[in-house]
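In: have a look at this fold, sequence not included:
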Ligand SMILES: NC(=O)c1ccc[n+]([C@@H]2O[C@H](COP(=O)([O-])OP(=O)(O)OC[C@H]3O[C@@H](n4cnc5c(N)ncnc54)[C@H](OP(=O)(O)O)[C@@H]3O)[C@@H](O)[C@H]2O)c1
């Protein structure tokens, strides 16, 4: 049985991915802070879901990850999906701190552990949900866009490291545009994907060992545009 751990699987994209992997008969370790939502997933797939309830900002990440890996009896795929973001228009330190602790500190601690684990195993796959928002700075949520840029750059670094090690360790950077969850904030949203469609595209990209996947696929176009927009235009919208 293949084994996956999804960090941040209580709701939205992570929950849908957990259901999808469980339905395909993977053994799925799911995490998040909301115990009752983890329990309901477990009740829906009693033979396939194992839960571990913890907060990625609380300092017990590695202990919990090790414990969950032990319960699963190994690990083939880690998906870091936990994320936090709020508009910080007046540059609120609490928002920026929580964003960084969740999207940067939690991410790097767990992905670093998983990469080293996979080096010892000589195989594995890590996926992380960053965002299209990480392509450029954003005045509405500066820490959110910066944290997602950190994730993407770190994943790229690990991709090169795995290639240099000549090991079949795969890295997939998931970059959603808008997906219909409570994380999708702000006016003027467009090309909003359903959670089901997003999860299916992510599942397929991971299966195909893609390095970067835009969700949905047509957000590739926005990604390319964002890279090219000169600052005198970008600063009107960013
Ligand atoms: N929706 C979009 O339009 C969109 C666009 C780009 C990127 N993303 C990214 O996609 C990922 C999934 O978000 P979503 O849209 O599915 O929203 P969501 O339903 O709010 O899911 C967020 C997940 O992160 C977990 N999480 C948040 N803070 C946590 C913490 N301190 N410790 C442990 N887990 C934590 C939540 O679990 P608990 O609350 O139970 O802890 C939940 O399972 C995020 O990384 C987000 O940044 C979303």
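Out: Everything's here; your move. All figures in this text were calculated on a predicted structure; none of them were measured in a lab. Numbering: from 1, shown residues only.

In: can you pull the buried residues of the longest helix seen in the chain?
Out: Taking DSSP state H as the criterion, the chain has its longest helix at helix 142-165. Neighbour-count burial for helix 142-165, with 16 or more other CB atoms under 10 Å as criterion, is recorded at 142-152, 154-155, 158-159, 162. The C-beta positions use only the backbone N, C-alpha and C, and glycine is treated the same way.

In: so residue 136: helix, strand or coil?
Out: Here residue 136 takes the coil state, with states given by DSSP: H, G, I helix; E, B strand; the rest coil.

In: residue contacts, it?
Out: Contact analysis of residue 136 by CB atoms under 8 Å, 6 or more residues apart in numbering lists 145, 226, 229, 234, 238.

In: returning to that earlier point: quick check: mean pLDDT of the longest helix of the chain?
Out: The pLDDT scores in helix 142-165 average 98.

In: cool, and stretch 193-205?
Out: Here the average pLDDT along stretch 193-205 is 98.

In: follow-up on the earlier one: so which two of the contacts of residue 136 are the farthest from each other?
Out: The distance between the two most remote of these (CB to CB) is 14.2 Å, for 145 and 229.

In: show me which residues of this structure sit near the ligand.
Out: For the chain, the residues in contact with the ligand (CB under 6 Å from any ligand atom) are 8-14, 32-34, 55-57, 81-85, 102, 129, 131, 176, 178-179, 181-184.

In: change it to 5 Å
Out: Counting by CB under 5 Å from any ligand atom, the chain comes close to the ligand at 8, 10-14, 32-34, 55-57, 81-84, 102, 129, 131, 176, 178-179, 181-184.

In: in helices, which of those appear?
Out: Counting by DSSP H, the residues of the chain next to the ligand contribute 12, 13, 14 to helices.

In: now these in a markdown table, with distance to residue 119 and pLDDT?
Out: Formatted as a markdown table, those follow (distance: CB to CB, whole Å; pLDDT from 0 to 100):
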| residue | distance to residue 119 | pLDDT |
| --- | --- | --- |
| 12 | 31 | 98 |
| 13 | 28 | 98 |
| 14 | 25 | 98 |
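
In: which one of those residues is nearest to residue 123?
Out: Checking those against residue 123 by CB to CB gives residue 14 as the nearest, at 23.5 Å.

In: test my guess that that closest one contacts residue 41.
Out: No. Between residue 14 and residue 41 there is no contact under CB atoms under 8 Å: 10.0 Å.
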